[in-house]
Structures are given as structure tokens and as C-alpha cells.
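> With the input below, show me the fold.
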Amino acid sequence: GTNPRYVLLRQLYRPLIKRYIPMSKDLECWLITQIKVPERKISQLYNGVDLKQFKCRTIKPVELLPENFRSPDLLLIGTVGRLDPIKDQTTLVNAFIHLIKHKPIVRNKARLVVVGAGVLEKMLKKLSYDAGVNDLIWFAGERNDIADLMQTLDLFVLPSINEGISNTILEAMATQLPIVASNVGGNPELVIDNQTGYLVPKQNTMAMATVFEHYLYHPDLLIAHGKAGRARCESIFSLDRMVHDYLTVYNKTLEN
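Sure thing, here's the model as predicted:
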């Protein structure tokens, strides 16, 4: 909020209040087809991510993790966000539980990191405890070191039931993490299936668990998808690109 570029954008946005600036093509389509906003009043622009704050890791800051999460042989699956039904971390935890139960060997190969707090926290902890995997899931709570925690992960997951253009996905992509996301809202505009990660049907525990297992036994894909995601951020989703796009809309509005 205090970043000079964001302050500039807020100042520039005031004259544009008669224009609609959806953050995703999905929302743009909804405005046109459902709200009947004329296309000429819409300028679809994507969010940008700070590529200097969220960057490719060199060495994992494993000291941020619990002791039994620090082995370099582990696949660290993680998510960041408020623990809320719309974000559906329940499907993520159930997918992890399913993977452990049906592939017991994975108990020594994978861990789950859940960052955030909210109404689902108590239920998710009970779910993991009842399934006997509470030692394999770290509920990290609210944190102010998200960029650093992202560096500890190998795979990022966003299991939302509904989503716009997720800043968290962009931050994970900028950190060079492959993404597993539900195929809803603006997620398909960010995640290119089988190129920067995988899209799975929403609330589909089996599909998500299958993707986790696939990555577990194809670690080369983690690297390839992560690099492709970072490159996509650099070319399409940078803050500089976002500022440029807003300035373009602003200038055209003044000209008209």
C-alpha cells in the first residue's frame, strides 16, 4: 500500500471511475454478458507482482521450518491464504491425507505447509489429527514473512472454489514455484496447464492427490514448470507492466 507505484496508481485511478477495470478476462466477460456494461467502457488489466520481493531462491531458508520439514529429500507442498470455505483448504488437506493413506511410502517423502488463519483452522487441525498426519502438516498461522516462506516450498497450491486474479499465485510463480490450482475464475489465465503447473477441478480431492503424486515421482517437472511460471511473470505480470497499462488507459481516457 505504501509502494510509490501503488500510490501513483491510486492517484491516477480517480479520473477513471466511469470506466470498469476488471482484473481478469473472466470478470470482463461477466461484466459484458451479465451486467451489460458496454465493451467500450471496459479496460481489462492484470495485476502485477513485485519481482524483486518475490524472487527465485538460491538456498532454502529451512530454519523457518519445523525440524521434521527440513530434509532436502522432502517435497514441500504449501498454500498461503485465509482459512475460509471459499479458499477450500479442506480439499487440499484431504488430498494430502488421501495421498499418505494410499501411498504410505510418501509419509517419508512429503510435507504440507498451510500458512494463514481463519474459521477453518480448528476443523483442519482436527482433520489432520484424526487422520494421523498432524506431524506431516504444519499450520503456520498468520505470517509477515510470506516471501521468505515461499522460498522454502517446492510446490504451491490454490484450491479455491472461486477466484479472481490471485496475487498469491503470482507471488508463487515469481518465486519460481509450479502451481496446482482449481480450474475456476481467473486461475486458468495465470496457470498454463502442464506448462507452469496443473489445473484441477474444484473440490476434487482425487485429482489433486494424483497431481501431487505425479510431481513427487517427476521432480524434473517441478523445475521446468517453476521456471516457466517465473518467465511468464516477467513477461506478463510484472509491476512495471501493470503501471504501464494503467498509464496507457489513463492517457487514452484524457485524450477522449
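> residues contacting Ile100?
Val106, Arg107, Ala110, Ala131, Val133, Leu136 (Cβ atoms under 8 Å, 6 or more residues apart in numbering). For the C-beta atoms, the positions are set from N, CA and C on the backbone; glycine is no exception.
> ditto for Lys126
Neighbours of Lys126 in contact, by Cβ under 8 Å, 6+ apart: none.
> Wait, a strand at it?
No. Per DSSP: H, G, I helix; E, B strand; the rest coil, Lys126 lies outside any strand segment and is helix.
> let's number from 64 now, not from 1
Okay, residue one is now 64; in that scheme the one you just asked about reads as Lys189.
> Touching, Thr154 and Leu221? I think so.
No. Look at Thr154 against Leu221 with Cβ atoms under 8 Å: they stay out of range, at 10.8 Å.
> which one of the contacts of Ile163 is nearest Ile160?
Distance to Ile160 across the contacts of Ile163 (Cβ to Cβ) is lowest for Ala194, with 4.5 Å.
> For burial, what's the neighbour tally of that closest one?
17 (other Cβ atoms under 10 Å).
> Pull the contacting residues for it.
Ile160, Ile163, Lys164.
> Could you tell me which residues touch both of Thr154 and Leu221?
Common neighbours of Thr154 and Leu221 (criterion: Cβ under 8 Å, 6+ apart): Ser245.
> Which one's more surrounded, the two?
It is Leu221, of Thr154 and Leu221, that has more neighbours when counted by other Cβ under 10 Å, with 25 against 22.
> Quick check: that one vs Pro282, distance?
For Leu221, the distance to Pro282 (Cβ to Cβ, to the nearest Å) stands at 21 Å.
> Please apply the same query to Leu128.
Leu128 is 19 Å from Pro282, by Cβ to Cβ.
> who has more neighbours, these two?
Leu128 (20 against 11).
> Report the contact partners of the more buried one.
By Cβ under 8 Å, 6+ apart, the neighbours of Leu128 are Leu139, Val176, Trp201, Thr215.
> For burial, what's the neighbour tally of the first one?
Look at Leu139: counted by other Cβ under 10 Å, it has 21 neighbours.
> now do the last one
The local packing count at Thr215 equals 19, with neighbours defined by other Cβ under 10 Å.
> Does it touch Lys123 like I think?
Yes. The pair Thr215 and Lys123 qualifies as a contact (Cβ under 8 Å) at a distance of 5.4 Å.
> Any regions of the chain where pLDDT drops low?
Low-confidence segments of the chain (pLDDT under 70): 64-88, 91, 93, 105-107, 319.
> Not counting residues beside it along the chain, what's closest to the residue nearest the centre of it?
Centroid-nearest residue in the chain, with Cα atoms, centre = their mean: Ile232, separated by 2.3 Å. Counting by Cβ to Cβ, 6 or more residues apart in numbering, Ile232 lies nearest to Leu253, which is 5.1 Å off, once chain neighbours are set aside.
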